[in-house]
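> generate a structure from the sequence data that follows.
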Amino acid sequence: MNTFKVKEFAYRGSIENLSKILTLENVKKALVFTGKQSFENINSLITKQFDMCDVMYFNDFSTNPNDNDLVKAIKRIDFKYDIIISIGGGSVIDFSKAFKHQKKDKVKTIAIPTTCGTGSESTQFAVLYKNNEKYSLDEPSLLPEYVILDSQFVENSPRYLKACTAMDAYCQGIESYWAKKATNTSKEYAIKCIILCRDNIVKYVNSTDINSASNMMTAANLSGKAINISRTTASHALSYKFTTLYGIPHGHAVALTIPYLFDLNTKIEELNLLKELITDNPINYFHELYNDIGLEYNFEKLHITDINKIIKGINVERLKNNPINLTEKDLMKLLGVQTPEFYNTT
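So this is what the prediction gives:
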């Protein structure tokens, strides 16, 4: 069962609702987790919302937060807060969820994404790393009570950041649709997400267009709602080692395998709708898309030197949710499809 009781404010300029929420909830002290550089760019829009309460800002954690970051935060934060607010990308929102979980807090939370990709504001899980291994928290209490989706925060983001996060949303929509755990509801979210990504991603990444930014922010939110029900599949399962071993950002890492998995998974007749919505030639479609948005997809150029390490470090839980059962041999063939002679496949 999956119900969303989150109060959402989704329009350009919706940040103005933050002060209203704080007043409604009688907040005197707010703990605010932020990104570093991303927050500097929107600081003036945020700080004026806190006229009626005291604020502690915290951003001392990694781009891919780990358990040591969490321990450090718990030790350093002795501020008596009434609410937790996260303002940033998926890692910031995930870190705030993990902090709340570890502290066993009962306070309400507000999520304000500044990227349109992860949909973390609409999921009940949080990703952290421990010893370079990814693990997830997963419980309904991690869903925020309030979400503010203000597209002006993503209109002027760096192009590569836009490309990575937008592809994360696109891939989540696709993976959610074909996931074994998909339901009619998750498929509805996924289809809406896919259409919005298909029609807006190139313009969003390559311009400051207001409408495409708004549409991609909606798409990301829908992708979170979709995977909150269905969870992700093989592309996400393979992505984590691309990040930990080679430093490839998450959305870019997920995008690397989606063309080949799309080609493989859509051989299932029930998934024909994906071909109708997107393409029946996924390798060409996605590689042309990556050229358009500036994402490198050649493994050699990305310095990916050993696919064995990728496969050995795969997230088994997410792999099992893929519509087709994949063996180690299948994955070796899938990942070695670009330049097989380049890889250590012994």
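> contacts only, for Asn265.
178, 271, 322-324 (Cβ atoms under 8 Å, 6 or more residues apart in numbering). No exception for glycine: its C-beta is placed from N, CA and C like everyone else's.
> can we see that at 10 Å?
By Cβ atoms under 10 Å, 6 or more residues apart in numbering, the contact list for Asn265 reads 174-175, 177-179, 233-235, 258, 271, 274, 282, 322-324, 326.
> same question for Gly119.
By Cβ under 10 Å, 6+ apart, Gly119 lies in contact with 90, 93, 113, 165, 168-169, 172-173, 176, 189, 193, 217, 219-228.
> can we see that at 8 Å?
90, 169, 172, 220-228.
> go on, Lys28?
So Lys28 contacts 53-54, 82 (Cβ under 8 Å, 6+ apart).
> and the helix or strand of the chain with the lowest mean pLDDT, which residues are buried?
In the chain, no helix or strand scores lower on mean pLDDT, DSSP states H and E than helix 37-40, which sits at a mean of 82. Within helix 37-40, the residues that qualify as buried are 38-39, counting by 16 or more other Cβ atoms under 10 Å.
> contacts for it?
Contacts of helix 37-40 (Cβ under 8 Å, 6+ apart): 46, 57, 59, 87-89, 114-115, 157.
> mind doing that once more with 6 Å?
Helix 37-40 is contacted from outside by 88, 114, using Cβ atoms under 6 Å, 6 or more residues apart in numbering.
> continuing past that helix, what's the next helix or strand?
Counting by DSSP states H and E, the next helix or strand C-terminal to helix 37-40 is helix 43-47.
> the contacts of Gly119, buried ones only, as a ChimeraX selection?
Buried subset of those, written as a ChimeraX selection, criterion 16+ other Cβ under 10 Å:
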select :90,169,172,220,221,222,223,224,225,226,227,228
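> what's the closest of the contacts of Gly119 to Ser141?
Asn228 (13.3 Å; Cβ to Cβ).
> which residues touch the closest one?
With Cβ under 6 Å, 6+ apart, Asn228 has these contacts: 123-124.
> mind splitting this protein into its structural domains?
Each domain of the chain is listed here as a residue range: 7-153, 159-342, per automatic domain parsing.
> now the end-to-end length of the shortest one.
This means domain 7-153. This stretch, domain 7-153, spans 19 Å end to end (Cα to Cα, to the nearest Å).
> chain center to that domain, what's the gap?
A distance of 14 Å separates the centroid of the chain from that of domain 7-153, by Cα atoms, centre = their mean, to the nearest Å.
> same check on stretch 172-179?
Distance, centroid of stretch 172-179 to centroid of chain: 13 Å (Cα atoms, centre = their mean).
> before we move on, back to that, secondary structure, distance to Lys312 and pLDDT added to the contacts of Gly119, as a markdown table?
Output for those, formatted as a markdown table (DSSP: H, G, I helix; E, B strand; the rest coil; distance: Cβ to Cβ, whole Å; pLDDT from 0 to 100):
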| residue | secondary structure | distance to Lys312 | pLDDT |
| --- | --- | --- | --- |
| Gly90 | helix | 26 | 93 |
| Ala169 | helix | 28 | 98 |
| Gln172 | helix | 25 | 98 |
| Ala220 | helix | 31 | 98 |
| Asn221 | helix | 34 | 97 |
| Leu222 | helix | 33 | 98 |
| Ser223 | helix | 28 | 98 |
| Gly224 | helix | 29 | 97 |
| Lys225 | helix | 32 | 97 |
| Ala226 | helix | 29 | 98 |
| Ile227 | helix | 25 | 97 |
| Asn228 | helix | 29 | 97 |
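> can you give me the strands for the stretch 151-300 of the chain?
Taking DSSP state E, counting those that start in this stretch as the criterion, the stretch 151-300 of the chain carries no strands.
> show me where it has helices.
Along the stretch 151-300 of the chain, the stretches classed as helices by DSSP state H, counting those that start in this stretch are 159-178, 184-206, 210-230, 234-246, 250-255, 258-265, 272-277, 282-293.
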